[in-house]
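Asks: quick one, fold the following:
(one chain, ligands or ions: 1)
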Amino acid sequence: MPPPLASTPPPSLLARLKNTGSLFKQLPGTFRLFWAASPKLAVLLGALTLMAAVLPAGIAWVGKLIVDTVVAAAQGSLEARSRVYGLVGLEFGLMLGSAVVERGLTLTRELLRASLGNLLNERILQKALQLELRHFEDSDTYDKMQNARREANSRPLSLVMQVFSIVRNGITLSTFAALLISLSPWSVAVLVAASIPAFIAEARLAAEGFRLYSWRAPEGRKLNYLEWILTRDNHVKEVKLFGLGPLVLGRYRTLFQKFFSEDRALAFKRMGWGLGLGLLSLAAFYGCYLYVAGRAAGGAISVGDMVLYLSVFRQGQAAFQGILTSIGSMYEDALFMSNLFAYLDIPTGGEATRVLPAKSPPRGHRNAIELRDVSFRYPGKDAWALRDINLTLRPGQKLALVGENGAGKSTLVKLLLRLYEPTEGEILYGGVNLRDMDVEDLRSRFGAVFQDFVRYQFNVAENIGLGHVPALEDRNRIVRAAEEGGASAVIEALPKQYDTMLGGWFEKGQELSAGQWQKLAVARAFMRDDAEVLILDEPTASIDAEAEHALFERFQALAADRIAIVISHRFSTVRMADQIAVLHNGRVEELGSHDQLMALDGRYAHLFRLQARGYRD
Ligand SMILES: Nc1ncnc2c1ncn2[C@@H]1O[C@H](COP(=O)(O)OP(=O)(O)OP(=O)(O)O)[C@@H](O)[C@H]1O
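Replies: Numbering: from 1, shown residues only. A predicted model of the protein is given here:
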């Protein structure tokens, strides 16, 4: 399914941004997920991060002791000489510890990436199963789902890791500050003061990048869509025939250029501020360095102190840079998380039964379907797709729905399957309102071939067996359904018959023609032996005339005591129905048997004659 294009920027994203206010709102939810993925790994990561945060200060301090002790030993202190070895050994131990901690951090991160990604992908898919058809037909929701899927493996972990990195670098900086404060309190104050502008500038520029990123979300979708047109197998014929390549590529380029110039402007701005403010803190460092070096030269502090200052400050700068980088990345990660949470929070349960316990009309072929004053509007649309429909379908009756494109035929089927609910009026199944039935119970009573049936890239047996999952392994039943659906001859001609892999997605898949695929879809519908209602939505669109005739004869026989609903534009098929409903602009304009409608001499009679003449000529 294509990513639908929104004609206007999705308000939800911006609204969400405003509501979110700051990225911090995403943190509690992210950390809950992180904890749920693996509490053990979460604790391990916390402990290792803490160790990694304090080790640098320890190493720097031991470094200073080594220098001071070496100086003392050089001046003749024997006690100092023996201490040097111990101190070097201690530093070696600390460095060893640091290497182990860093490795441990990498390993924990990789393990967490796998378990967090897996947890999220599963939640995303579970949510998709709960969503209703209306959600899939709504571009905003569809978009949220696709975005959530796209980066679920990397973004959540990245956000967590950025927070850990900030905490780690923050602790490291505090320990450094504690070491330096004894040496020169005011130099710590100067250094902190010189860093604040860089910190504020980075936070602001990152926020600007974040805004840019979210503003352009709809255009980003367009970019994806253009890419999609040029790279999908089912588009290639039209792209080549109509010579769409240069046009689509041109649009792609234009959009990309727009993005690029925005990004470039921001990158220059970031570079300019980064350089300016970086120079400021460097100048502050060297000012303090000059002072500290002067004091060491004058003997006010030891050489070790000066070395400590130097190493701590250099590493401090790196830690500080690390914090700035993390802030920048956090915004993008948070945008992803807000989208993910919005997706996971989409309210579902609209398909829940209205009365408990749910009502279930008796099984068998005794239930009539009755539509009473049914009107329907698609969510968010003003126009009525169906208006004041009154219809009764009795067991054994065949109803044909006819009408021009957009008349409301498929919509009526969606309401019968409770994929949507009537905006007004009610539908009764065996006297029970559909809303009071369990949807699964309701749907299990239907067998259907949809206009846009699915071509499963599985083998033949599975393609048919999926019509009734409990019988997926029941080869006899599958073979019978294939015969009933008129697919046997197609299957016999395949290299491995029922075990032939179908479709072009996987290795050794056998591609079928549109009509052959459709025969399998019909066979799939016939897997439900006990279906009380059969729906064929334009089942003959890709089937040849002979197959169509055979299908309908079989269909008449199989549907004997069931309700059958056929949507078709072919009047040779339609005339076989007991009852024909002519839909026009969402209303039932004419209703009756073929003979009655011909006698009425209205729209049906007109359309019938038109088609019949076409055949005669
Ligand atoms: N998901 C949807 N969201 C909004 N409007 C829709 C949606 N699906 C269909 N419509 C509108 O509802 C009306 C009825 O559409 P429907 O698909 O039921 O027509 P149809 O009679 O089955 O047409 P066709 O013969 O082309 O299959 C049309 O005006 C269509 O634009």
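Asks: and the gap between the closest residue to Ile369 other than its chain neighbours and Arg251?
Replies: Counting by Cβ to Cβ, 6 or more residues apart in numbering, Ile369 lies nearest to Leu393, which is 4.4 Å off, once chain neighbours are set aside. All C-beta atoms are positioned from the backbone trio N, CA, C, and that covers glycine. Taking Cβ to Cβ, to the nearest Å as the measure, Leu393 falls 48 Å from Arg251.
Asks: tell me which of the two has more neighbours.
Replies: Remark: of Leu393 and Arg251, Leu393 carries more neighbours, 22 against 15, as counted by other Cβ atoms under 10 Å.
Asks: go ahead and confirm that one touches Ile563.
Replies: Yes: using Cβ atoms under 8 Å, Leu393 and Ile563 qualify as a contacting pair, with a distance of 4.8 Å.
Asks: shared neighbours of those two, anything?
Replies: Listed as contacting both Leu393 and Ile563 by Cβ atoms under 8 Å, 6 or more residues apart in numbering are 368-369, 399, 533.
Asks: what is the burial count for Arg570?
Replies: By other Cβ under 10 Å, the residues close to Arg570 number 17.
Asks: same thing with Gln497?
Replies: The number of residues near Gln497, taken as other Cβ under 10 Å, comes to 15.
Asks: quick one: it and Ile491 touch, right?
Replies: Yes: Gln497 lies in contact with Ile491 (Cβ under 8 Å); the separation is 5.5 Å.
Asks: what's the overlap in contacts for the two?
Replies: Common contacts of Gln497 and Ile491 (Cβ under 8 Å, 6+ apart): Val460.
Asks: so where's this protein uncertain?
Replies: 1-23, 210-211, 213-218, 365, 539-551, 613-617 (pLDDT under 70).
Asks: which one in it is furthest away from the centre?
Replies: Gly76 (71.1 Å; Cα atoms, centre = their mean).
Asks: how about it, secondary structure?
Replies: coil (DSSP: H, G, I helix; E, B strand; the rest coil).
Asks: over to Trp505?
Replies: coil.
Asks: so who does it touch?
Replies: Counting by Cβ under 8 Å, 6+ apart, Trp505 has contacts Gln457.
Asks: inside strands: which ones of the shared contacts of Leu393 and Ile563?
Replies: Under the assignment DSSP state E, the shared contacts of Leu393 and Ile563 contribute 369, 399, 533 to strands.
Asks: pick the one among those closest to the ligand.
Replies: In terms of Cβ to the nearest ligand atom, no member of those lies closer to the ligand than Leu399, at 14.4 Å.
Asks: and the closest one, how many neighbours?
Replies: 22.
Asks: repeat for Met598
Replies: 15.
Asks: and the ones in strands among the shared contacts of Leu393 and Ile563 as TSV, adding distance to the ligand?
Replies: Shown next, in TSV, are these (distance: Cβ to the nearest ligand atom, whole Å):
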residue	distance to the ligand
Ile369	18
Leu399	14
Val533	18
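Asks: name the nearest residue to Leu600, ignoring sequence neighbours.
Replies: Using Cβ to Cβ, 6+ apart, the closest residue to Leu600 is Glu590 (6.3 Å).
Asks: quick check: residues of the stretch 51-200 of the chain near the ligand?
Replies: Glu137 (Cβ under 6 Å from any ligand atom).
Asks: of all of the stretch 51-200 of the chain, which residue lies closest to the ligand?
Replies: Glu137 (3.9 Å).
Asks: neighbours around the spatially closest residue to that residue that is not a sequence neighbour, how many?
Replies: Spatial nearest neighbour of Glu137, excluding adjacent residues (Cβ to Cβ, 6+ apart): Tyr378 at 7.7 Å. By other Cβ under 10 Å, 16 other residues sit near Tyr378.
Asks: likewise the one 3 residues further on?
Replies: Counted with other Cβ under 10 Å, residues neighbouring Lys381 total 9.
Asks: distance of it from Leu583?
Replies: Going from Lys381 to Leu583 by Cβ to Cβ gives 17 Å.
Asks: next: Asp601.
Replies: 19 Å.
Asks: these two: which is more packed in?
Replies: Between Asp601 and Leu583, counted using other Cβ under 10 Å, Leu583 has the larger neighbour count: 24 against 10.
Asks: the more buried one is in what secondary structure piece?
Replies: Leu583 is part of strand 579-584, with elements assigned from DSSP states H and E.
Asks: what comes into contact with that strand?
Replies: With contact meaning Cβ under 8 Å, 6+ apart, strand 579-584 is reached by 391, 393, 397-404, 407-409, 412, 574, 588-594, 597, 602-604.
Asks: may I see the buried residues of it?
Replies: Buried residues in strand 579-584, counted by 16 or more other Cβ atoms under 10 Å: 579-583.
Asks: okay, these in CSV with distance to Ala296 next?
Replies: Shown next, in CSV, are those (distance: Cβ to Cβ, whole Å):
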residue, distance to Ala296
Gln579, 102
Ile580, 102
Ala581, 98
Val582, 99
Leu583, 93
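Asks: let me know the closest of these to the ligand.
Replies: Leu583 (6.4 Å).
Asks: what's the spacing between the residue nearest to the closest one when sequence neighbours are not counted and Ala57?
Replies: In this structure, Leu583 finds its nearest non-sequential neighbour in Gly403, 3.5 Å apart by Cβ to Cβ, 6+ apart. Distance of Gly403 to Ala57, given as Cβ to Cβ: 79 Å.
Asks: same deal with Val374?
Replies: Distance from Val374 to Ala57, by Cβ to Cβ: 74 Å.
Asks: next one: Thr392
Replies: Following Cβ to Cβ, the distance that separates Thr392 from Ala57 is 83 Å.
Asks: the two: which has the busier surroundings?
Replies: Comparing Thr392 with Ala57 by other Cβ under 10 Å, the one with more neighbours is Ala57, at 22 against 13.
Asks: so which strand or helix has Leu27?
Replies: Assigned by DSSP H and E, Leu27 falls in helix 26-37.
Asks: domains for the protein, by residue range?
Replies: If you go by the TED database, the domain ranges for the chain are 27-183+335-345, 186-300, 369-614.
Asks: now do the helices in the stretch 501-617 of the chain.
Replies: 514-525, 545-558, 571-574, 594-600, 603-616 (DSSP state H, counting those that start in this stretch).
Asks: in a markdown table, list those along with distance to the ligand.
Replies: Converted to a markdown table, these look like this (distance: least, Cβ to the nearest ligand atom, whole Å):
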| stretch | distance to the ligand |
| --- | --- |
| helix 514-525 | 15 |
| helix 545-558 | 17 |
| helix 571-574 | 13 |
| helix 594-600 | 18 |
| helix 603-616 | 13 |
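Asks: most tightly packed of the ones you listed?
Replies: helix 514-525 (a mean of 23; mean count of other Cβ atoms under 10 Å).
Asks: and that one, C-alpha only, in PDB?
Replies: Only the C-alpha atoms of helix 514-525 are listed here, as PDB (Å, rounded to 0.1, in the frame of the first residue of the first chain):
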ATOM      1  CA  ALA A 514      -4.300 -11.700 -12.500                       C
ATOM      2  CA  GLY A 515      -7.100 -14.200 -13.400                       C
ATOM      3  CA  GLN A 516      -5.200 -17.100 -11.900                       C
ATOM      4  CA  TRP A 517      -4.600 -15.300  -8.700                       C
ATOM      5  CA  GLN A 518      -8.300 -14.400  -8.500                       C
ATOM      6  CA  LYS A 519      -9.300 -18.100  -8.900                       C
ATOM      7  CA  LEU A 520      -7.200 -18.800  -5.800                       C
ATOM      8  CA  ALA A 521      -8.900 -16.000  -4.000                       C
ATOM      9  CA  VAL A 522     -12.300 -17.500  -4.900                       C
ATOM     10  CA  ALA A 523     -11.100 -20.900  -3.700                       C
ATOM     11  CA  ARG A 524     -10.000 -19.200  -0.400                       C
ATOM     12  CA  ALA A 525     -13.500 -17.900   0.100                       C
END
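Asks: packing partners of that helix?
Replies: strand 446-449, helix 460-465, helix 475-485, helix 488-492, strand 533-537, helix 545-558 (3 or more Cβ pairs under 8 Å, 6 or more residues apart in numbering; DSSP states H and E).
Asks: one more time with 6 Å
Replies: strand 446-449, helix 460-465, helix 475-485 (3 or more Cβ pairs under 6 Å, 6 or more residues apart in numbering; DSSP states H and E).
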